[in-house]
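> Give me a model of this one.
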Amino acid sequence: MEKIYGVAGGDRRQAELVLLLRENGRKVCSCGLEEWGVASSPLEEVLAQEIVIFPLPLCKGSGELNLQGQDVTPEEAFRHLTPHQHIFGGQVSPAVLKAAKEQGLEITDYFRREEITILNAAATAEAALTVAQKESERMLLNTDCLVIGFGRIGKLLCQRLSGIGARVSAAARSATDRAWIQALGWQAMDTGHLSGKLGSFQTVFNTVPAPVLGPELLTQLRQDCLCVELSSVEGIDLAAARKLGLASVWARALPGRMVPRSAAKIIYDTIEQCLQEGGNLS
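Residues are numbered from 1 along each chain as shown. This is a model prediction of the structure:
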């Protein structure tokens, strides 16, 4: 019997995922995606399918499932699932994983796969350039840009900025990361010692999910500097930036908002790989 995919909620990338599955000959029923023109089935029907795909992130900040127009807790949804199903979700918290395990369920967190985090970082870095150009209304060519943090997103963002002709500096706490920054031809800075070194930058991107630029450091930026926060946790004090008259934007979840088709393809490929591997993470 042909497998049917149940796609439960999320944002536009999940709507695009439904379209991709259908384009590739898969049967799909979904719910919570009506805003993007995807027909809705009852949640219970979606959760009854052999393959169930919850969104990225799986839960809202309130702890309920990321389903538009429905207030459903993960525990309530799990009552409709069985151990024989393939269950997927993104950014699944330890508490939710524990709740699932208590009901005999195993959820594969596709966002823990290295391939999806790398490609998601690439999508974020590319979209961040578009955000910066739109918000500043200027080219990044020949401008001084600072990237705070040298993880996946930071590395790829530096590469893309350099590729379009920006003058790139990158800040990292690790001496090893700072050595790599220099080896790649960019200006290296210590994240913990930025004071007195910020006056030339026209755009600052933060990728660090911890306080980095507070009011004191923000006063050292140029008045025409744009602050772009890419982390899900504010590393830049955006309220302080606005109070100082600095242009700022909290650019969270960029793949889902700006390149949803590409983001959906990343999720689609990852889930297909997981299914080929038997639903395991390794």
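
> show me what contacts the residue nearest to residue 47 when sequence neighbours are not counted?
Sequence neighbours aside, residue 80 is the residue nearest to residue 47 in space, at 4.0 Å (criterion: Cβ to Cβ, 6 or more residues apart in numbering). Where C-beta positions appear, they are placed from N, C-alpha and C, glycine not excepted. Contacts of residue 80 were listed using Cβ atoms under 8 Å, 6 or more residues apart in numbering, and they are 43-44, 47-48.

> Looking at the residues you listed, which is nearest residue 25?
residue 48 (20.9 Å; Cβ to Cβ).

> residues touching that closest one, list them.
Residue 48 makes contact with 6, 80 under the criterion Cβ under 8 Å, 6+ apart.

> Okay, it and residue 68: tell me how far apart.
20 Å (Cβ to Cβ, to the nearest Å).

> residue ranges of the strands in the stretch 51-200 of the chain, please?
51-53, 86-89, 107-109, 144-148, 167-172, 187-190 (DSSP state E, counting those that start in this stretch).

> Minimum distance to residue 209: which of the ones you listed has it?
Nearest to residue 209 among the strands of the stretch 51-200 of the chain is strand 144-148; the distance by Cβ to Cβ comes to 11.0 Å.

> Tell me which strands that closest one pairs with, and in which orientation.
Partner strands and pairing direction for strand 144-148 (DSSP bridges) are strand 167-172 (parallel), strand 203-206 (parallel).

> got any ranges where the stretch 151-282 of the chain has weak pLDDT?
279-282 (pLDDT under 70).

> Which residue comes closest to residue 250 once chain neighbours are left out?
Using Cβ to Cβ, 6+ apart and skipping residues adjacent in sequence, the residue nearest residue 250 is residue 229, 4.6 Å away.

> between the contacts of residue 80, which is closest to residue 213?
Distance to residue 213 across the contacts of residue 80 (Cβ to Cβ) is lowest for residue 43, with 42.1 Å.

> number of nearby residues for that closest one?
Neighbour count of residue 43, defined by other Cβ atoms under 10 Å: 21.
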